[in-house]
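Asks: coords below, sequence missing:
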């Protein structure tokens, strides 16, 4: 399972283009009744944290390195991530310097730090192996992708309001966005890697919702068989094909599509609770609807 983070990642999750997400703090600030410029420092901080977490996630998961640090090694990526984290903290501190946002600066800083502790716990659990069941999958997805996007929406809205009921709505809206991103990424896991015609060879397939769902249905002997195929699928085309056949036979794709629809409805309901009527709310709803279009 990956955190929904990364800038223009062609190899995984094209819906993660960083330019798409930079608007979230701005739109939520405006939808809560604030002015766009209030979110400048917050958006910078969030995107810098976004990029730092992407690097950390790739190194910890031993994913394919980005071109700029492939030859230099993971130490360079970790060093860059550290610099990005501290740069983000400096940007976050600037919220206190502006009269329109100074009163909420402490709340937002605490929100950031609390969210990153939750995300770190989710990443730690991932390092111990795939989720054991669907309940654990959703816990991890909420802790990682859900928490990060909830942070952008809740903090953006906090710039403009301290209404706890509305802020809860923005929090839930962001959580559902993060889960939609995660679910759509998991659908990518059953597609061929770029430059390949063999589906099911992504390293992440063992952590994918499609795999966890299938394992939850299978009797013990078949479950052990699928787990064995998932372990070697990244380097064994025959194992990848067998694993994918078992996944497709289970109805996992239909299950994932139904989950996309469910989380979209939860996102829209949360937005109704949170946002003022206007262009910003319309754009947030459009973003959620765009995420709910599967890439199959």
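Replies: Sure, I can see it. Source: prediction; values computed, not measured.

Asks: How far does stretch 115-133 sit from its chain's centre?
Replies: Offset of stretch 115-133 from its chain centre (C-alpha atoms, centre = their mean, to the nearest Å): 13 Å.

Asks: what does it contact?
Replies: 1, 3, 49, 53, 56-57, 60-61, 136-137, 139-144, 147-148, 150-151, 206-207, 211-212, 215-216, 230 (C-beta atoms under 8 Å, 6 or more residues apart in numbering). Where you see a C-beta, it was placed from the backbone N, CA and C, and this is true even at glycine.

Asks: could you redo the last one with a cut-off of 6 Å?
Replies: By C-beta atoms under 6 Å, 6 or more residues apart in numbering, the residues outside stretch 115-133 that reach it are 1, 137, 140, 143-144, 147-148, 151, 206-207, 212, 216.

Asks: quick one: average pLDDT of stretch 192-208?
Replies: The average pLDDT within stretch 192-208 is 88.

Asks: With stretch 235-252 instead?
Replies: Average pLDDT, stretch 235-252: 96.

Asks: So which bits of that stretch are buried?
Replies: The neighbour-count check on stretch 235-252 (16 or more other C-beta atoms under 10 Å) flags 239-244, 246-247, 250, 252 as buried.

Asks: Check the contacts of stretch 115-133 and tell me the two furthest apart.
Replies: The largest separation in these, counting by C-beta to C-beta, is between 151 and 216 at 29.8 Å.

Asks: residues near the closest residue in space to residue 158 that isn't next to it in sequence, how many?
Replies: The spatial neighbour of residue 158 that comes closest, neighbours along the chain excluded (C-beta to C-beta, 6 or more residues apart in numbering), is residue 104 at 5.2 Å. By other C-beta atoms under 10 Å, 20 other residues sit near residue 104.
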